[in-house]
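Enquirer: Give me the fold of what follows.
(chains A and B)
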Number of protein chains: 2
Amino acid sequence: MLAEIITIGDEILIGQIVDTNSAFIASELNKIGISVYQITSVQDDRKHILEALHEARSRARIVFITGGLGPTKDDITKRTLCEYLNDTMVQNQEVLAHIEELFEKYISTPISDMNRHQAMVPSKAQILQNDYGTAPGMWLEEKDCLFISLPGVPFEMKNLLKNHVFPKIIKTFKRPYIIHKTIMTYGLGESAIAERIAGWEADLPPFVKLAYLPNLGKVRLRLTAKGTNKEPLEKAINSATKELYTIIGDIISGEEEAGSLESVVGKLLTEKKLTLATAESFTGGKISEQITSIPGASAYFMGSVVSYATQAKIDLLKVPKKLIAQNSVVSAEVAMAMAKNVRELLKADFGVATTGNAGPAKGDSDAPIGTVYIAIATKDNVYASEFSMGNHRTRIVQKGVHKALEMLQKEILKF
Amino acid sequence: MLAEIITIGDEILIGQIVDTNSAFIASELNKIGISVYQITSVQDDRKHILEALHEARSRARIVFITGGLGPTKDDITKRTLCEYLNDTMVQNQEVLAHIEELFEKYISTPISDMNRHQAMVPSKAQILQNDYGTAPGMWLEEKDCLFISLPGVPFEMKNLLKNHVFPKIIKTFKRPYIIHKTIMTYGLGESAIAERIAGWEADLPPFVKLAYLPNLGKVRLRLTAKGTNKEPLEKAINSATKELYTIIGDIISGEEEAGSLESVVGKLLTEKKLTLATAESFTGGKISEQITSIPGASAYFMGSVVSYATQAKIDLLKVPKKLIAQNSVVSAEVAMAMAKNVRELLKADFGVATTGNAGPAKGDSDAPIGTVYIAIATKDNVYASEFSMGNHRTRIVQKGVHKALEMLQKEILKF
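Expert: Coordinates of the predicted model:
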């Protein structure tokens, strides 16, 4: 059961936007047993769209098309799809009523013919209601291939996919099972891991595939099993995983099914009814931003002091001037004082603090670029670790955030 | 002069990662006059890669290939490319020396045969040195098509592209000019704008293309001109822009060439030697994170208080309890107090504050989801504006950050 995704829009081909829709669609499709064979991004160009549709159809049972459904001249997906399917455009009353309702409710400018024109759809199309916008989703079933056209605006597309497309797909198609398991390791490069597990890898059953995913200095191992029966897949993945622990258990830090680190941390804090405060320097608010990206964070997150300037560490976090002078602002001592003080100031159970130099300039300390300290404070304890995180500004911040959340997770698990 | 991009890796097709490489490559290529015709993402599968290479070659003069260059079994790009070009693999001494040097300097595990194997490359390949990793970039010139293979790790790829690939491309090819100009508007939907500028749009010269880009409730208009001589392109774009101002000048907020809002704000603050502090509630540290994503932000950014919990507004920002009780924590009064106090606490020229309800639950106030207040404080003045930002959590935060930076920019321009 193969699908393909075609994303349409000049803004993708000139690099003005990053196509995040494809990854979302692919990941959701995987969960219901549908593999994506290819993702293709093409221009708002009739000939190019026709070619892409033709090629995707020759390979896949379902073709997802996003983008190019706006009311303006440059958006031509709908009429090109209509042409490709030898269909004619008709006005859909249901869509028209929806557009008129949206305008009445939310839009101050009067509705125009161009807006009403968005109710024109290929006659064969089954309409998928777009709850958040005027461009309808469309389900177009041909004998050999199902075409699903969705708007390119991510939050409109996501809602359509989950609430209108998937229920219909699940009813319509019998699908195989796809199971992924990702095992996280630390401390060894991918080639070193590959050598240690070569025998194990060679013995994997043919329906289980292994991938190495290096990121932020760590390697994740992804196992994928695919087949018509769920049970033997689960069995194979579980027994392979178990065996893997006996071979490289010393470098396995966990499994990824649990979700992002910030959501795991959020879940743990919620369960244990504990609270968190952060004091950030070189991470600039990114820990706080990731923590609060989880709905419900207000139950456990008190707040953060982003003390970017040294003076802010003194004024807001009450880090003693003398401590900074004696140890430098980038030091374990300052990190620990920040963690301890923010925990107390915000009356939280955990205090997390970061200080370091992300470059490009040296800043208020002599620490080399990439040197960072991360500290965790609890009621009874405070400690800091030093790291050297390379010389790439964005990556130093990313690694710092990741490491801080990882240290926090370990600490919460002790409670 | 057309290029295509092929990104290789199962992790893209199962949606485990978002392909950000393509947008980067496409945007950089545009700057040197090369258009990307198509972006194709394929699996780590020999047959599939061969097909993708064949198809891309039939359409483009340069084919960029990223990913699949790791040392492990699942990475097969290099040998598949070699097979496709009827070439044989040879050991490259320069690459071998580089790999050995990287291992000696940065990696604690001993170098293995698998690592050394990364020095095997197609015999026709010209090597592009990967300063940050062991997988070399490769320049493979056939009569009709140039293939450029790059690692998938974004920061390795970016460095290779800018420092090794582009200088070579610029020397090798005569390229046309591509000029983009993006004009930002506010207050009108895309169809309403399209109606107002229909006559102007119809009169655009054939080498100038217009696109409508709606995002976060605003529409940007992108003009693209392409041709062999720079001057007439610039002239056409400039005169079209000038005319556009006479038609919809009332809804134009600026032009986008200047870069992201946070970089514009950073530039202005640096020039005017002014400083900034922020107090964030529903934006959760995202304003701070965006401000500090700009290298050199420490020159003007003092810090931020992310007062997520109401208690943090009282304890850290010294917002009077009574003021909160009288007005609710989501109010113009509280936003203004936050902005004023954070400016004073951090001794900054500007204070920016946000308070609001991003949902999904109602939180510590009766304000409906989507209601937010943003305040700006200077030495002599403080004001707050109220906004209603829909009911989608992530978008409420995005819109809030954008609006706060926009208000700040306007305020800085008065100084």
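Enquirer: Let me see the domain layout of chain A.
Expert: Per the record, chain A has its domains at A:2-172, A:177-258, A:261-412, by automatic domain parsing.
Enquirer: chain center to the second one, what's the gap?
Expert: Here the centre of domain A:177-258 is set off from its chain's centre by 21 Å, with CA atoms, centre = their mean, to the nearest Å.
Enquirer: Whether that domain contacts chain B - can you check?
Expert: Yes - contact between domain A:177-258 and chain B is present through A:180, A:182, A:188-192, A:194-195, A:201, A:209-214, A:222, A:224 (criterion: CB under 8 Å from any CB of the partner chain). (Glycine included, C-beta is placed from N, CA and C.)
Enquirer: Who is A:S304 paired with across the strands?
Expert: On the basis of DSSP bridges, A:S304 is bridged to A:T278, B:V306.
Enquirer: count of residues packed around it?
Expert: By other CB atoms under 10 Å in any protein chain shown, the residues close to A:S304 number 35.
Enquirer: Please tell me I have it right and it contacts B:G285.
Expert: Yes - when contacts are counted by CB atoms under 8 Å, A:S304 is listed as touching B:G285 (5.7 Å).
Enquirer: hey, what's in contact with both of those two?
Expert: A:E280, A:G285, A:I287, A:S288, B:S304, B:V306 (CB atoms under 8 Å, 6 or more residues apart in numbering or on different chains).
Enquirer: Now restrict these to buried residues only.
Expert: Those of these that meet the buried threshold are A:E280, A:G285, A:I287, A:S288, B:S304, B:V306, by 16 or more other CB atoms under 10 Å in any protein chain shown.
Enquirer: which secondary element of chain A has the worst mean pLDDT?
Expert: Within chain A, confidence by mean pLDDT, DSSP states H and E is lowest for strand A:252-255 among all helices and strands, at a mean of 83.
Enquirer: With only the CA atoms kept, save that one in CSV.
Expert: Output of strand A:252-255 as CSV, limited to C-alpha atoms (Å, rounded to 0.1, in the frame of the first residue of the first chain):
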residue,chain,number,x,y,z
ILE,A,252,21.6,2.6,25.3
SER,A,253,19.9,5.6,27.0
GLY,A,254,16.3,4.7,26.2
GLU,A,255,13.7,4.3,23.6
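Enquirer: Give the buried residues for the helix or strand following that strand.
Expert: Heading C-terminal from strand A:252-255, the first helix or strand you meet, by DSSP states H and E, is helix A:261-272. Across helix A:261-272, burial judged by 16+ other CB under 10 Å covers A:L261, A:E262, A:S263, A:V264, A:V265, A:G266, A:K267, A:L268, A:L269.
Enquirer: again, but for stretch A:189-197
Expert: In terms of neighbour count (16+ other CB under 10 Å), stretch A:189-197 has its buried residues at A:G189, A:E190, A:S191, A:A192, A:I193, A:A194, A:E195, A:I197.
Enquirer: okay, the residues you listed in CSV with secondary structure and pLDDT next?
Expert: Formatted as CSV, these follow (DSSP: H, G, I helix; E, B strand; the rest coil; pLDDT from 0 to 100):
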residue, secondary structure, pLDDT
A:G189, coil, 85
A:E190, helix, 86
A:S191, helix, 86
A:A192, helix, 89
A:I193, helix, 92
A:A194, helix, 91
A:E195, helix, 91
A:I197, coil, 95
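Enquirer: that older thread, any chance of a markdown table for the buried residues of helix A:261-272, columns distance to chain B and pLDDT?
Expert: A markdown table is the format used below for the buried residues of helix A:261-272 (distance: CB to the nearest CB, whole Å; pLDDT from 0 to 100):
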| residue | distance to chain B | pLDDT |
| --- | --- | --- |
| A:L261 | 16 | 86 |
| A:E262 | 11 | 92 |
| A:S263 | 14 | 90 |
| A:V264 | 17 | 89 |
| A:V265 | 14 | 94 |
| A:G266 | 13 | 94 |
| A:K267 | 16 | 93 |
| A:L268 | 18 | 94 |
| A:L269 | 13 | 96 |
